[in-house]
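J.: Coordinates only, no sequence provided:
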């Protein structure tokens, strides 16, 4: 069957993971240290500082959760919500729907703000929802909806949300490092992402960041978060000396994924060496090049406001979805994504994330699709 | 300060992580695949099969949770417990106490069965607790209490627990791959472990296994597990084609930590190449060699039934705990563990786990301790 030790290399152009640079793979394989070794703590501190720069935030409480992106979603939910809290969640794809599910499992009453898949939410719709549900404690939006390829505009939302005393939560799994994302300037109170998308690190960690309002909410909790593993009141005592207050050392919580932290540190260093602005511009240029090529082939984009990091296109009538993806994989070694949820069988998702967003990959996938669809 | 890219190499003789073989680090750095790539699914299937062999179980539902050992603990708790359920947890150290906390956060009523730290539970004590709390639905014990170095005997427990219609849950974080552990023969219904102890893989995954009784309990739940990330009813549809039933494919849940799975597969292959019996015998031999040496120096073991994988010894009166550990680290590059919880400042914990349980390491740490304590 397959050689499970030396997999055939793929060009990862699906919805993530994205291609991982050799530098990051090499860092991943560095000798394992103890989680309380001063050397490791220095690596972790540096990783958190690099994360702050990539999130464009001064939030002290910025660290990688020891799980994949969905663990980050759950971390934000279990720490900010208590049973009975009311929440507004924008549901315009799989990940908004998941956030609703995750938050309901926290005992929250979730008001789903819905638009058709592929659409995004306007400030007017958010205002109307806040008017309808005045007890709302959290408003949560997905910045980059990986299931539909839609980019949600976030500017101006925080003012509406904070005006009602609520917190603004953002899912940035498929945007961090690929789209403009200004955590502080945009007033985002809590945010989570993944490592395997535009940061081009293997999956396994979920960067999160919590601002002052979120911290105050957590400090005022009447109940313990339902998850011990994701309890930020405990995690902060490990990730920040003294829990972020002056004085005091580190308190062991769990054994952090040491080698994954090495990889994330290296991936973030690469992001900042390129420069955030240059990186975001590259993602836009490559998106425009791919879009021009796909549309010239008669293929059309599903979302009105497309991400630059993920291209969600309709499958032409009469085309065998699985066969095209299988030929791309077997003949070209290219992975693209199938449709997810209601888009299953109707969409392809072509990722241009991080290390994978290159002219080489754009032109190759266009050439391969022309060959296979001809 | 430290070179965060090329850490000085340590000999890891603390409570975990343990030293990782070069083969495993190399596997970790193999090119990242997509989580739905047929090649990756083959690697994952093989990893689960190797895990079954190491757990000595035929449980189909055996897989690595995408988080560290504590995520495995939480996975077992959130799936087996519903609010109001009564549980008996053996608390004789930090990890039993954590299990109590984790289970209480699930809404369970936890009856702590307590003995002094370092002691273990007898069948008589377990029987008495079951008599006292006849509504008990789960009995949970820590096989290897990493905070005290005590080995809990597990044979005969399942018969008592099953006789009352309860499930038997075991924490095997520091025993899997280092001590005899017969999941099926000992009637264990649900078990979790970590990768960074006696399997000598970096931290980041938590192997779990659920038997038929546990599965029936999960299938009969009236409520959703409070964690979406750890919900086995969803996870099984990804880890087992058709969810473990005949027919049906895989359903995407979250993006698995691809590279960590490569590493775990390789680490498990190494365990089975050595052979479980030989490996367990090696752990016992190295433990005896270290114990003989430590006792000859006048040092004494804290637990009556010591683990072979972790040696918890009292710090001699008048000895500067932190200074000894610092000298071991700085002069010899050897990491040993400090005392945890009530043992802080009173105990050292010397790990002999997996790849680290060698005559070379035993004799080196004895030589270093003789030099530093003289």
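T.: Looks like it arrived, so ask away. If you're wondering where the values come from, they're calculated on a predicted model, not measured in any experiment.
J.: tell me the secondary structure for residue A:283?
T.: helix (DSSP: H, G, I helix; E, B strand; the rest coil).
J.: pLDDT score assigned to the residue of the stretch 251-374 of chain A found nearest chain B?
T.: Here the residue of the stretch 251-374 of chain A nearest chain B is residue A:257; by Cβ to the nearest Cβ that distance is 3.5 Å. All C-beta spots, glycine's among them, are computed from the backbone N, C-alpha and C. Listed pLDDT for residue A:257 reads 96.
J.: ok, now which ones touch it?
T.: A:66, A:204-205, B:68, B:202-204, B:257, B:260 (Cβ atoms under 8 Å, 6 or more residues apart in numbering or on different chains).
J.: Just name the closest of the residues you listed to residue A:198, please.
T.: residue A:205 (14.0 Å; Cβ to Cβ).
J.: Residue A:272 versus residue A:199, what's the distance?
T.: Applying Cβ to Cβ, to the nearest Å, the value for residue A:199 to residue A:272 is 11 Å.
J.: Neighbour count: the two, which is higher?
T.: Higher neighbour count among residue A:199 and residue A:272: residue A:199, with 28 against 13, using other Cβ atoms under 10 Å in any protein chain shown.
J.: That one belongs to a strand?
T.: No - using three-state DSSP, the secondary structure at residue A:199 is coil, not a strand.
J.: Now do the contacts for it.
T.: A:54, A:176-177, A:193, A:207, A:264, A:267-268, A:271, A:354.
J.: try residue A:75
T.: Residue A:75 neighbours (Cβ under 8 Å, 6+ apart): A:65, A:67, A:192, A:206, A:208, A:227, A:230, A:232.
J.: Residue A:38: how many residues sit nearby?
T.: 14.
J.: Phi and psi next, for it.
T.: Per-residue torsions, residue A:38: phi -50, psi -30 (degrees, to the nearest 10).
J.: next one: the one 5 residues further on
T.: According to degrees, to the nearest 10, the main-chain angles of residue A:43 amount to phi -70, psi -40.
J.: List the contacts of residue A:280.
T.: Residue A:280 is in contact with A:178-180, A:308, counting by Cβ under 8 Å, 6+ apart.
J.: In the contacts of residue A:199, find the pair that's most separated.
T.: Farthest pair in the contacts of residue A:199, by Cβ to Cβ: A:207 and A:354, 13.6 Å.
J.: Looking at those two, which is more packed in?
T.: Legend: neighbour count by other Cβ under 10 Å for residue A:207 and residue A:354, higher for residue A:354 (33 against 30).
J.: if you skip the residues just before and after it, what's nearest to that one?
T.: residue A:200 (3.3 Å; Cβ to Cβ, 6 or more residues apart in numbering or on different chains).
J.: Now do the contacts for that neighbour.
T.: A:18-21, A:24, A:177, A:267, A:270, A:353-356.
J.: Give the buried subset of the residues you listed as a ChimeraX selection command.
T.: Typed into ChimeraX, the line below selects the buried ones among the contacts of residue A:200, using 16 or more other Cβ atoms under 10 Å in any protein chain shown:
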select /A:18,19,20,21,24,177,267,270,353,354,355,356
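J.: could the contacts of residue A:200 go into CSV alongside secondary structure, distance to residue A:141 and pLDDT?
T.: Shown next, in CSV, are the contacts of residue A:200 (DSSP: H, G, I helix; E, B strand; the rest coil; distance: Cβ to Cβ, whole Å; pLDDT from 0 to 100):
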residue, secondary structure, distance to residue A:141, pLDDT
A:18, coil, 23, 98
A:19, coil, 28, 98
A:20, coil, 28, 98
A:21, coil, 30, 97
A:24, helix, 29, 97
A:177, coil, 19, 98
A:267, helix, 25, 98
A:270, helix, 28, 98
A:353, coil, 20, 98
A:354, helix, 22, 98
A:355, helix, 27, 98
A:356, helix, 25, 98
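J.: which residues are in contact with stretch A:156-167?
T.: If you take Cβ under 8 Å, 6+ apart as the criterion, stretch A:156-167 is touched by A:80, A:88, A:123, A:126-127, A:130, A:134, A:136-139, A:141, A:168, A:186-190, A:213-214, A:217.
J.: switch the cut-off to 10 Å
T.: Stretch A:156-167 is contacted by residues A:76, A:80-81, A:86-88, A:90, A:121-124, A:126-127, A:129-131, A:133-141, A:168-170, A:185-190, A:210-211, A:213-214, A:216-217 when judged by Cβ atoms under 10 Å, 6 or more residues apart in numbering or on different chains.
J.: Quickly note the distance from the residue of the stretch 251-374 of chain A closest to chain B to residue B:103.
T.: Residue A:257 is 24 Å from residue B:103, by Cβ to Cβ.
J.: Equivalent analysis for residue A:356, please.
T.: Residue A:356 is 43 Å from residue B:103, by Cβ to Cβ.
J.: that older thread, out of the contacts of residue A:199, name the ones that lie in strands.
T.: residue A:207 (DSSP state E).
J.: Now render the contacts of residue A:199 as CSV, adding distance to residue A:250.
T.: CSV is the format used below for those (distance: Cβ to Cβ, whole Å):
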residue, distance to residue A:250
A:54, 23
A:176, 26
A:177, 28
A:193, 24
A:207, 20
A:264, 19
A:267, 24
A:268, 21
A:271, 26
A:354, 31
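J.: Which single residue in the stretch 1-150 of chain A comes nearest to chain B?
T.: residue A:29 (3.5 Å).
J.: where's residue A:238, which helix or strand?
T.: If you go by DSSP states H and E, residue A:238 is part of helix A:232-239.
J.: Nothing else from me, thank you.
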